[in-house]
Structure formats: structure tokens, C-alpha cells
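Participant: output the structure for:
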Amino acid sequence: MEATNKLRALLISYTKTQTYEINEGSKVSVAAILLAISLYELGELQNRAISREEEQWFEGGYAVAREFDTSDWKDISIYYDRIVSAVKGKNFFRA
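Facilitator: Numbers count the residues shown, from 1 in each chain. As a prediction, this is how the structure comes out:
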């Protein structure tokens, strides 16, 4: 999915900023988004459902939006939301 590649590129760029270095919340948000990307890709590659315990990584929309609300990084939130929508659309959550 194109959104995962763009999101990874944005996150790599973001991790090189001073904000990332000094903000513990940013580090947690980046790690959570990377987990969501990985779980989405496992679903795609192995037709794997998202477990109940893993669903939390797709519930960070508001927190992610707040963390990356600056104009330079708002695309991180946009692409994260696209991945969450794709997971829901492909019904990777357990039935």
C-alpha cells in the first residue's frame, strides 16, 4: 500500500528532528504507528486477522492527530488514518 511507504518515509524524517529527540510522547506515537503498519502488512501478506490485543494500535487517531498537528507533520496523521481505514475495509479485525 502506498500509504505505508509514505508514512514510513515521513516517520524516518520525523525521527531526525529535535522534537522527536526531546519528546517522549513522540517516540511512543512513532512506535505505535510502526506497529500498526507492521500489523497491516502482516494482514496483507498472510491474510492474518488483527487480534483483540493488537487492535489498540489502530485506535490512536485522536492522539496521533494531536501529536502531529503541526503543518510540517500533519500528513503522518492523514496516512495513519488511511491505514486504519484500510484495515477496517479489508475486515482484518476479528469477526
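Participant: contacts, neighbours, all on C-alpha from now
Facilitator: OK.
Participant: grab the most central residue of this protein for me.
Facilitator: Ile33 (2.9 Å; Cα atoms, centre = their mean).
Participant: now it: how far from Glu21?
Facilitator: For Ile33, the distance to Glu21 (Cα to Cα, to the nearest Å) stands at 17 Å.
Participant: which helix runs longest in the chain?
Facilitator: In the chain, assigned by DSSP state H, the helix with the most residues is helix 24-46.
Participant: got the buried residues for the helix or strand just after that helix?
Facilitator: Tracing the chain past helix 24-46, the next element assigned as helix or strand by DSSP states H and E is helix 61-67. Within helix 61-67, the residues that qualify as buried by neighbour count (16 or more other Cα atoms under 10 Å) are Val64, Ala65, Glu67.
Participant: low-confidence regions, the protein specifically.
Facilitator: For the chain, the stretches with pLDDT under 70 are 95.
Participant: near Ala3, how many other residues are there?
Facilitator: Around Ala3 there are 17 other residues, counting by other Cα atoms under 10 Å.
Participant: am I right that it is in contact with Ser85?
Facilitator: No. With contacts counted by Cα atoms under 8 Å, Ala3 stays clear of Ser85, the gap being 11.1 Å.
Participant: for Phe93, phi and psi?
Facilitator: Per-residue torsions, Phe93: phi -70, psi 150 (degrees, to the nearest 10).
Participant: show me the contacts for it.
Facilitator: The neighbourhood of Phe93, defined by Cα atoms under 8 Å, 6 or more residues apart in numbering, consists of Ala49, Ile50, Ser51, Arg52, Glu55, Val87.
Participant: quickly note the distance from it to Asp69.
Facilitator: 28 Å.
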